[in-house]
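Colleague: Structure, please.
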Amino acid sequence: MWPKTELIDLLKIAHPIIQAPMAGASTPELVAAVSNAGGLGSYGGAATPPAKLRSVIRQIREMTDQPFGVNLFAPAVEAYQLTPEQQTPMSELLTKWHNELDAGPVPEPIPILGPFVDQFTVLLEEKVPVFSFHFGPAPIEAIREIHAIGSIVLATATTVREAKALVVAGVDVIIAQGFEAGGHRGTFAVPYEHGLIGTAALVPQIADAVSVPVVAAGGIMNARGIVAAFALGASGVQMGTAFLACPENNIPEVYRQAVLNCKDEDTVITEVFSGKPARAIRNRFIREMENNRDKVLPFPAQMSIGRVLRQASAQQSSPDFVSMWAGQGAALAEALPAGELIEKMIQEFLAVTASLQLK
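Modeller: Coordinates of the predicted model:
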């Protein structure tokens with residue numbers, strides 16, 4: 001049914017569909033549902049403590065015997081040091097919103113990622129079938145260790161230069177992340193503005209430049225997008241926003257409804273939630289931070305200092321201060337269980353290819 005691609009054989013999956021890891025939204029249930037449906041379920045583990053990460057991996061294995069992946073952020077993004085002069089303006093700004101929501105004092109930024117070495121050790125010990133990385137590759141020695149246990153390495157590129165660097169590092173599959181994608185931009189080797197390339201322009205250029213399989217990511221929501229990705233030279237697709245309305249994920253209901261009500265003009269790339277550019281659904285926090293972007297702390301301190309405000313907003317069923325990551329295709333999201341969503345994509349893929357008279 002699918003075009004013959006190396007990706008299916010490499011990942012040992014039935015369908016060339018990867019569910020994006022989506023740290024904070026993915027759950028063992030979502031990962032298992034996607035893998036059981038023949039895709040590659042992926043867990044976003046960057047903010048999961050090592051002991052919890054081990055538990056999550058074992059939960060996934062209790063629900064599926066199919067391949068799955070775990071994603072970590074490249075270790076270079078973990079550390080930050082703040083002076084009081086850097087932190088105070090942001091703390092003072094957040095205080096007014098904390099008071100409005102009766103959310104208590106603004107918290108101190110604390111480490112919320114990693115430690116990478118400990119997380120990575122868990123993945124090795126648990127022999128996770130697929131490792132994926134964002135914000136750059138893992139160290140070359142780490143990639144050698146992954147290959148030594150027979151696992152596969154995926155990593156995100158937003159430019160041809162980044163894709164080539166990932167191949168040199170030993171990455172097996174490139175995730176070509178187009179401008180349309182929701183969540184954090186994976187850019188690591190160039191200024192982020194240089195990586196704002198649309199999926200339709202990026203995928204064929206990367207596919208022509210590297211010898212490993214390329215997976216298209218960004219704006220792909222259904223079978224029409226999958227067919228287009230193959231035409232562009234991709235071996236498969238990675239889809240995140242498409243799975244946000246699935247009941248198996250872990251997002252607040254107010255976020256889920258925002259996705260289902262999203263229009264094509266409603267998302268924007270912003271650094272105000274985390275300190276790194278990421279595509280999210282516009283809300284009050286993004287609008288009111290527009291004139292305060294100079295106060296935004298470095299990643300991931302900004303994400304940490306805003307954690308209580310985001311939680312309070314979600315608990316009060318208000319979208320005002322929630323980081324609602326979503327791609328430009330969010331208006332096409334459907335509220336279906338993950339397995340049903342994949343089955344629908346398969347049937348639609350057959351219909352679309354038949355209409356195009358593709359063999």
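Colleague: Tell me where the stretch 101-250 of the chain has strands.
Modeller: Counting by DSSP state E, counting those that start in this stretch, the stretch 101-250 of the chain forms strands over residues 130-134, 152-157, 173-177, 183-184, 214-217, 236-239, given from the N-terminal end onward.
Colleague: For Pro277, which of the ones you listed is the nearest?
Modeller: Evaluated over the strands of the stretch 101-250 of the chain, closeness to Pro277 peaks at strand 183-184, with 7.2 Å, by CB to CB. To be clear about C-beta, it is placed using only N, CA and C from the backbone, and glycine gets the same treatment.
Colleague: residues in contact with the nearest residue to Glu180 once chain neighbours are set aside?
Modeller: Using CB to CB, 6 or more residues apart in numbering and skipping the chain neighbours, the partner closest in space to Glu180 is Gly219 (3.2 Å). The contact partners of Gly219, by CB atoms under 8 Å, 6 or more residues apart in numbering, come to 178, 180-181, 198-199, 225, 327-329.
Colleague: Let's see which of those residues end up in helices.
Modeller: 199, 225 (DSSP state H).
Colleague: I'd like the contacts of Gly219 as TSV, with neighbour count and distance to Glu343 appended.
Modeller: TSV is the format used below for the contacts of Gly219 (neighbours: other CB atoms under 10 Å; distance: CB to CB, whole Å):
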residue	neighbour count	distance to Glu343
Gly178	22	25
Glu180	21	24
Ala181	32	24
Gly198	13	29
Thr199	27	24
Gly225	21	16
Gly327	31	22
Gln328	24	25
Gly329	24	19
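Colleague: quick one on the thing from earlier: output the strands of the stretch 101-250 of the chain in a markdown table, with distance to Arg61 appended to each entry.
Modeller: Output for the strands of the stretch 101-250 of the chain, formatted as a markdown table (distance: least, CB to CB, whole Å):
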| stretch | distance to Arg61 |
| --- | --- |
| strand 130-134 | 13 |
| strand 152-157 | 17 |
| strand 173-177 | 22 |
| strand 183-184 | 26 |
| strand 214-217 | 24 |
| strand 236-239 | 22 |
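Colleague: Out of those strands, the one nearest Val106 is which?
Modeller: Ranked by CB to CB, the member of the strands of the stretch 101-250 of the chain that lies closest to Val106 is strand 183-184, at 23.0 Å.
Colleague: Quick one: residues in contact with that closest one.
Modeller: Taking CB under 8 Å, 6+ apart as the rule, strand 183-184 contacts 20, 22, 134-135, 240, 274, 276-279, 325, 327.
Colleague: Gln87 should be in a helix, yeah?
Modeller: Yes - counting by DSSP: H, G, I helix; E, B strand; the rest coil, Gln87 is found in a helix.
Colleague: contacting residues for it?
Modeller: The neighbours of Gln87, taking CB under 8 Å, 6+ apart as the test, are 109, 297, 301, 305.
Colleague: what about the first one, how many neighbours?
Modeller: Here the number of neighbours of Pro109 (other CB atoms under 10 Å) works out to 22.
Colleague: and it, how far is that from Pro298?
Modeller: Distance, Pro109 to Pro298, using CB to CB, to the nearest Å: 10 Å.
Colleague: if we can go back for a sec, how about the strands of the stretch 101-250 of the chain, which one is nearest Phe68?
Modeller: Nearest to Phe68 among the strands of the stretch 101-250 of the chain is strand 130-134 (6.8 Å), distances taken as CB to CB.
Colleague: mind listing what's buried in stretch 154-171?
Modeller: Residues of stretch 154-171 classed as buried by neighbour count (16 or more other CB atoms under 10 Å): 154-160, 162-167, 169-171.
Colleague: average model confidence for that stretch?
Modeller: Rounded to a whole number, the mean pLDDT of stretch 154-171 is 98.
Colleague: What about the buried residues of stretch 154-171, which are in helices?
Modeller: Counting by DSSP H, the buried residues of stretch 154-171 contribute 160, 162-167, 169 to helices.
Colleague: all helices for this protein, in order.
Modeller: With DSSP H as the definition, the chain shows helices at residue ranges 6-11, 28-36, 50-63, 84-101, 116-125, 140-148, 160-169, 199-209, 223-231, 253-260, 284-288, 301-305, 307-315, 338-355.
Colleague: What lies in contact with the last one?
Modeller: Counting by CB under 8 Å, 6+ apart, the neighbours of helix 338-355 from elsewhere in the structure are 1-2, 15, 17, 19, 30, 33-34, 36-39, 222-224, 226-227, 242-243, 246, 248, 334, 336.
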